[in-house]
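J.: Fold the following.
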Amino acid sequence: MPDICREKVVLLGDAGVGKSSLIRRFVFSTFDDKYLSTLGTNISKKTMNLEGPRGPVELIQTIWDVVGQADFQSVQNFALKGARGLLLVCDATRRETFEHFAYWLKFTDEAVGAIPTILAVNKWDLVDRKVTRAEVEELAGKIGVPFLLTSAKTGEGVEAAFEHLGTEMLFGRRPNLSWLASVVTTERPVDALLGLEDQLIATFCAMSGNLEVSMPIIRHKFREVGIDFTRPTPEQLHEVVKRLVTAVKSFTTSEQAEKLRQELMKIVRQALPGGLTPQAPPPLQKL
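T.: Numbers count the residues shown, from 1 in each chain. The predicted structure is shown next:
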């Protein structure tokens, strides 16, 4: 009988690079070219049979699809906790998403240290590519990690990417991130209101349980209010807070629910007229 191993995998990369599509292709063998931004995180599971250092292993991957906008660093940081593998994704037709690989590697290193990593250059089936195989190979060589040229649409390289990551995790191979010290730093703008929304989501998750439990509640309440989470209004966030507090009353005490309400309202008040202040943008590493 093979050993059974359960590991958490996180997909990171800019918004729109196809993280959700890669997961759908890998887990459900489906593809939908309609783009929907990921609110917070989505979690899937897939079991793979791999060869580990001591023989066959049944690897159960818990796969976390994480929002890619730079405005949601608290959620991204929260999602990385306990991660044992990183699938870093860029869009072959948008060069800046490849250049942002360094930013995501640095972000992950600061959150959880260097963890087994695979680089995935997605949408490789499209003809208007702005990244060459040689460039990807050079970067992967610097870090000492495998890379895959993938297409969620055709399925090219998708299963191989998750298999390679599973193998890297089983053998405990970690990237060499020493080269990040010499990478040029530029600014990455953060929208102040979205930053406050990020704080709201992360605070709710921290106080009510964890991301895996809390994100379905958050997504449901955002849908009820009809918010486009990439363009929320302060009034909409205020309504979401009321509904989130009502939701947690079913599985917590009234005192804990009131404490949660007070903490969330502190955040929302910052978004009200006269209370919205700009946030300093975080650094962005450019290759």
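J.: Tell me where the stretch 101-250 of the chain has helices.
T.: 101-112, 133-143, 158-171, 192-208, 211-225, 234-248 (DSSP state H, counting those that start in this stretch).
J.: These into TSV, with extra columns for mean pLDDT and distance to Glu7?
T.: C-beta: built from backbone N, CA, C; applies to glycine. Below are these laid out as TSV (pLDDT from 0 to 100; distance: least, C-beta to C-beta, whole Å):
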stretch	mean pLDDT	distance to Glu7
helix 101-112	94	13
helix 133-143	96	20
helix 158-171	96	5
helix 192-208	86	21
helix 211-225	87	15
helix 234-248	87	30
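J.: among these, which is nearest Gln73?
T.: helix 192-208 (6.6 Å; C-beta to C-beta).
J.: what sits up against the closest one?
T.: 40, 69, 71-75, 77-78, 211, 214-215, 217-218, 229-230, 232, 234, 237, 240-241, 244, 248, 252, 256, 259-260, 263-264, 267-268, 270-271, 276-279 (C-beta atoms under 8 Å, 6 or more residues apart in numbering).
J.: hmm, 6 Å instead?
T.: 40, 71-72, 74-75, 78, 211, 214, 218, 232, 244, 248, 260, 263-264, 267, 270-271, 276, 278-279 (C-beta atoms under 6 Å, 6 or more residues apart in numbering).
J.: How about stretch 163-176?
T.: 7, 48, 50, 52-53, 57, 59, 84-85, 87, 114, 116-118, 143-146.
J.: then it to CSV, C-alphas only?
T.: Presented in CSV, the C-alpha positions along stretch 163-176 are these (Å, rounded to 0.1, in the frame of the first residue of the first chain):
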residue,chain,number,x,y,z
GLU,A,163,2.7,16.3,-10.9
HIS,A,164,6.1,18.1,-10.9
LEU,A,165,5.1,20.2,-8.0
GLY,A,166,3.9,17.1,-6.1
THR,A,167,7.3,15.4,-6.7
GLU,A,168,9.2,18.6,-5.6
MET,A,169,7.2,18.6,-2.4
LEU,A,170,7.7,14.9,-1.7
PHE,A,171,11.5,15.3,-2.2
GLY,A,172,11.6,18.6,-0.3
ARG,A,173,13.3,20.5,-3.1
ARG,A,174,13.4,24.3,-2.5
PRO,A,175,14.2,27.2,-4.8
ASN,A,176,17.3,29.2,-4.5
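J.: any idea how far that stretch is from the chain center?
T.: In terms of C-alpha atoms, centre = their mean, to the nearest Å, the centre of stretch 163-176 is found 19 Å from the chain centre.
J.: Would you mind listing the residues in contact with Phe78?
T.: Ala202, Leu211.
J.: Contact partners for the residue nearest the centre of the chain?
T.: In the chain, the residue lying closest to the centroid (C-alpha atoms, centre = their mean) is Val66, at 2.2 Å. Residues in contact with Val66, defined by C-beta under 6 Å, 6+ apart, are Val10, Leu12, Thr41, Gln76, Ala79.
J.: Find the residue closest to the fourth one in space, skipping its chain neighbours.
T.: Yep, that's Gln76 we're talking about. Excluding its sequence neighbours, the residue lying closest to Gln76 (C-beta to C-beta, 6 or more residues apart in numbering) is Val66, at 5.6 Å.
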